[in-house]
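Structure here, sequence nowhere to be found:
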């Protein structure tokens with residue numbers, strides 16, 4: 001009898017955990033989509049503002065000839081990706097006056113999430129909420145001031161409720177809430193009838209499902225094209241390495257790598273050859289890393305990011321030089337196609353930078369410089 005009861009409990013917990021894992025995966029996906037879109041939109045606006053008389057505002061829907069500002073864009077995007085089963089929204093301590101009634105925490109868990117993410121923006125806030133007979137999954141992540149233009153805009157806006165923002169501050173919270181539904185697969189009376197036999201079956205099923213879940217977790221952190229870690233895996237590794245190097249007072253290096261003229265390759269040879277170029281670059285980067293000390297992942301599209309563990313400026317340059325030589329010697333497909341890439345490098349003691357995102361931004365700036373200076377080279381960030 002006890003064995004049967006244990007089997008029932010294991011099954012129940014297993015499927016509840018699967019529901020939680022699925023809810024978290026959905027929350028991470030949708031918040032990453034909104035936040036990445038916000039960052040990309042903000043970069044595009046900054047470039048357009050520098051070149052045109054573009055005007056942005058929160059009231060673009062009722063005024064002509066203006067476009068939404070990044071905050072309004074993010075709020076409207078979050079609303080558009082919401083569904084009856086998953087609500088997505090943003091709120092903060094310091095909303096603009098036109099959002100003072102809609103963009104503030106409205107309950108205890110929203111308040112706790114905002115307080116925690118304001119103190120430490122690195123990890124998301126997660127809570128299972130009991131709402132009567134229904135359980136809900138609440139997930140929140142910080143929206144961080146990540147560039148100078150964002151800080152200057154909020155500090156100088158006449159309607160801003162705060163004028164002392166700095167890069168790295170938590171500006172707002174991006175939250176999702178969804179119903180946590182799961183099914184108990186077997187009737188209790190049915191299980192009690194079969195006692196030990198069915199209990200053994202339940203344990204075997206639990207182990208099998210758990211193994212499948214572990215395999216799916218691994219697949220979810222691997223890029224399907226190159227078979228190297230993907231951006232989700234890299235984010236976890238980056239945070240771990242940043243904390244480790246900061247505690248050990250060791251220098252951490254970051255390489256941002258982008259394939260040169262990739263659009264022209266896709267347009268001229270087709271996407272199949274483009275994929276082979278991406279795979280070839282991944283192979284070169286993996287081969288040229290220092291044993292098991294370094295870490296490479298596909299950042300997205302034709303971009304890759306490399307973590308250099310306990311490195312120096314000279315070592316980082318040496319690794320970059322080897323990578324450039326190796327890709328020169330690589331021929332793609334039957335077309336005998338050569339491919340090159342550009343590398344931006346940032347090396348710093350984590351104690352001297354505020355976050356891993358700042359280190360990545362420095363490497364990205366160096367990459368842009370390498371592109372502007374002719375490509376097929378590496379540039380070391382001078383900050």
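Cool, got the structure. Quick caveat, the model's predicted, so the values are computed rather than measured. Numbering: from 1, shown residues only.

make it CA atoms for all contacts and neighbour counts henceforth
Noted.

tell me the mean pLDDT over stretch 376-383?
Stretch 376-383 shows a mean pLDDT of 86.

If you count neighbours, what's buried in that stretch?
For stretch 376-383, the neighbour count (16 or more other C-alpha atoms under 10 Å) marks 376-381 as buried.

With stretch 98-106 instead?
For stretch 98-106, by 16+ other C-alpha under 10 Å, it's 103-105.

export those residues to JSON lines and tack on secondary structure and distance to residue 326?
Shown next, in JSON lines, are these (DSSP: H, G, I helix; E, B strand; the rest coil; distance: C-alpha to C-alpha, whole Å):
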{"residue": "103", "secondary structure": "coil", "distance to residue 326": "52"}
{"residue": "104", "secondary structure": "coil", "distance to residue 326": "53"}
{"residue": "105", "secondary structure": "coil", "distance to residue 326": "53"}
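
hey, where'd the helices end up in the chain?
Listed in chain order, the helices of the chain (DSSP state H) span 2-51, 70-81, 108-119, 148-156, 188-219, 231-248, 262-269, 271-288, 313-328, 356-372.

and these, which is most packed in?
Across those, the average number of neighbours (mean count of other C-alpha atoms under 10 Å) peaks for helix 356-372, which reaches a mean of 21.

How far away from the center of its chain is that helix?
17 Å (C-alpha atoms, centre = their mean, to the nearest Å).

Go ahead and name everything in contact with that helix.
Applying C-alpha atoms under 8 Å, 6 or more residues apart in numbering, the contact partners of helix 356-372 are 146, 238-239, 242, 254-258, 342-348, 350, 353, 376-381, 383.

Got the domain ranges for this protein?
2-179, 231-380 (automatic domain parsing).

Start and end of the last one, how far apart?
What that stands for is domain 231-380. Its first and final residues considered, domain 231-380 spans 23 Å by C-alpha to C-alpha, to the nearest Å.

give me every residue that touches the closest residue in space to residue 166 that isn't next to it in sequence.
Closest residue to residue 166 apart from its sequence neighbours, by C-alpha to C-alpha, 6 or more residues apart in numbering: residue 151 at 6.1 Å. By C-alpha under 8 Å, 6+ apart, the residues touching residue 151 are 145, 165-167.

can you redo those residues as a markdown table with pLDDT?
Formatted as a markdown table, those follow (pLDDT from 0 to 100):
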| residue | pLDDT |
| --- | --- |
| 145 | 87 |
| 165 | 87 |
| 166 | 91 |
| 167 | 91 |
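
Can I get the residues you listed in TSV including distance to residue 116 and neighbour count?
Below are the contacts of residue 151 laid out as TSV (distance: C-alpha to C-alpha, whole Å; neighbours: other C-alpha atoms under 10 Å):
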residue	distance to residue 116	neighbour count
145	16	18
165	18	18
166	18	18
167	18	17
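
Reformat these as TSV; add distance to residue 18.
TSV is the format used below for the contacts of residue 151 (distance: C-alpha to C-alpha, whole Å):
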residue	distance to residue 18
145	34
165	40
166	39
167	37
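
What is the most widely separated pair among those?
Greatest spatial distance among the contacts of residue 151 (C-alpha to C-alpha): 145 and 165, at 7.8 Å.

pLDDT-wise, which helix or strand of this protein ranks last?
The weakest-scoring helix or strand in the chain, judged by mean pLDDT, DSSP states H and E, is helix 188-219 (a mean of 55).

just to revisit the earlier point, mind checking which of the contacts of helix 356-372 are in strands?
Counting by DSSP state E, these place 254-258, 342-348, 378-380 in strands.

Pick out the most distant pair among those.
258 and 348 (21.1 Å).

Can you give me the pLDDT of residue 259?
So, for residue 259, pLDDT stands at 95.

likewise residue 230?
91.

got the contact list for it?
221-223, 297-300.

Excluding chain neighbours, what is closest to residue 276?
Nearest non-adjacent residue to residue 276 (C-alpha to C-alpha, 6+ apart): residue 332, at 6.8 Å.

Now do residue 173 against residue 120, distance only.
12 Å.

before we move on, what about residue 377?
In terms of C-alpha to C-alpha, residue 377 sits 37 Å off from residue 120.

swap in residue 302?
To residue 120, residue 302 is 32 Å away according to C-alpha to C-alpha.

which of these two has more neighbours?
Neighbours per residue, other C-alpha atoms under 10 Å: of residue 302 and residue 120, the larger number sits with residue 302, 21 against 13.

surely the more buried one meets residue 258?
Yes: the criterion here is C-alpha atoms under 8 Å, and residue 302 meets it with residue 258 at 5.8 Å.

Identify the residues contacting residue 277.
Neighbouring residues of residue 277 by C-alpha under 8 Å, 6+ apart: 332, 339.

now residue 275, nearest residue through space, not along the chain?
Nearest non-adjacent residue to residue 275 (C-alpha to C-alpha, 6+ apart): residue 225, at 7.6 Å.

what does stretch 125-142 contact?
Residues contacting stretch 125-142 (C-alpha under 8 Å, 6+ apart): 20, 23-24, 27, 31, 109, 113, 116-118, 121-124, 170-181.

swap the cut-off to 6 Å and go again
The contact list for stretch 125-142 (C-alpha atoms under 6 Å, 6 or more residues apart in numbering) reads 113, 117, 121, 124, 170, 173-180.

do the same with stretch 326-345
Residues contacting stretch 326-345 (C-alpha under 6 Å, 6+ apart): 254-260, 363, 366-367, 375-381.

Return the set of buried residues in it.
Neighbour count says stretch 326-345 has 326-327, 330, 332, 339-345 buried, by 16+ other C-alpha under 10 Å.

What mean pLDDT does it get?
On average, stretch 326-345 scores 87.

What's the end-to-end length of it?
End-to-end distance (C-alpha to C-alpha), stretch 326-345: 18 Å.

what's the neighbour count on residue 107?
Applying other C-alpha under 10 Å, I find that residue 107 has 8 neighbouring residues.
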